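Enquirer: Here is a sequence with its predicted model. Questions after.
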Amino acid sequence: MKKIYLVMILVLGYSCGSGGDDPVGSEDPVNRAPSVPTQIYPLNNTLCIDNVVNFQWNASIDPDKDAVQYLVEVSKDGNFSNLIESKIVSNATSTLITLQKGVAFYWRVKAIDAKDMESAFSSQNQFLTEGVGVSNYLPFAPSLVAPALNTVIDGTSTTLSWTASDVDNDTLTFDVFLDKNSNPTTKVSEGQSGTTFNASGLTGASTYYFKIVVKDSKGG
C-alpha cells in the first residue's frame, strides 16, 4: 500500500514599496494653527487724536512653536470690503499706519505661522481719527486813539476812541471799562461793535482810566 505525503509550503510576503521598513504611524505630525491675537489699541469706539495710528496686539501662541507673522487689515466698513490697508507684520506686535483725519475705520488682525497655517481674525474694532482742527488767531490788542495819555479835557464828557484788527478778519466786539482805578473794573459798555464810546457824567478835577477788551466772533 502506497503512502502519500502532503507537503505545505508557506510563502511569506513582503512589501516591495519604498520605506517598507518604516514603522507604522511615522507620518509628519499635522500642523496646528496659531492662537487668535487680541487687540490692544485702538480698542472699540476709540477716538485717535493722531491720524498716524500705532496698532497694537498681543502675541499669538503657536502650539508647534513655528514662527508667526501677522496680517493687519484696516477698512472703512465693517465687512472689510473697502480695505484701506492690508499689511503683513513680522517680528513685531505693533505697526504704524497713516490714515485720513476725521474718518471712522475698522481694524482686525490674524496670525499666520511659517507653514501658512492661519488663525481666525480677531474681533473687529471701530475707531475714529480726530478731524482737522480749526485754528483761530486772537485779535491784536486795541490801540487807544483818544483821549491821549495824560490829556486834560474840558467839561465832564469826552469821546473814547480806539482801533483794533484781527488776522482772520473775524467780526470784532468790544467791552469798555472806565473808572478812577489805574486798572479800571467798571464795565460801561459790553459787546459793542463800534470803536468809540461817549463817556459822560465825569467828575471834574479827577483822573480817569479806561481800557478796551476786544473779542472775535470765535470767542478769542
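Expert: Thanks, I have the structure now.
Enquirer: Now do stretch 51-61: distance to the chain's middle.
Expert: Centroid separation for stretch 51-61 versus its chain: 14 Å, with Cα atoms, centre = their mean, to the nearest Å.
Enquirer: Pull up the distance across that stretch, start to finish.
Expert: 30 Å (Cα to Cα, to the nearest Å).
Enquirer: May I see the buried residues of it?
Expert: Going by neighbour count (16 or more other Cβ atoms under 10 Å), the buried part of stretch 51-61 is 51, 53, 55, 57, 60. C-beta here means a position set from N, CA and C on the backbone, and glycine is covered the same way.
Enquirer: quick one, strands of the protein?
Expert: 39-41, 46-48, 52-57, 68-75, 83-90, 94-98, 104-113, 125-129, 143-146, 158-163, 172-179, 187-192, 196-199, 209-216 (DSSP state E).
Enquirer: Tell me where the model's unsure across this protein.
Expert: 1-28, 133-135 (pLDDT under 70).
Enquirer: Can you name the residues that contact the residue nearest the centre of it?
Expert: Taking Cα atoms, centre = their mean, the centroid of the chain lies closest to residue 48, which sits 1.9 Å from it. The contact partners of residue 48, by Cβ atoms under 8 Å, 6 or more residues apart in numbering, come to 42, 127, 128, 129, 130.
Enquirer: Just give me the neighbour total for the second one.
Expert: Just to be clear, that refers to residue 127. 21 (other Cβ atoms under 10 Å).
Enquirer: swap in the third one?
Expert: Using other Cβ under 10 Å, the number of residues around residue 128 comes to 15.
Enquirer: is it possible to export the buried residues of stretch 51-61 to JSON lines including distance to residue 167?
Expert: JSON lines is the format used below for the buried residues of stretch 51-61 (distance: Cβ to Cβ, whole Å):
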{"residue": "51", "distance to residue 167": "27"}
{"residue": "53", "distance to residue 167": "33"}
{"residue": "55", "distance to residue 167": "39"}
{"residue": "57", "distance to residue 167": "46"}
{"residue": "60", "distance to residue 167": "54"}
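Enquirer: Which pair of the residues you listed spans the longest distance?
Expert: 51 and 60 (27.6 Å; Cβ to Cβ).
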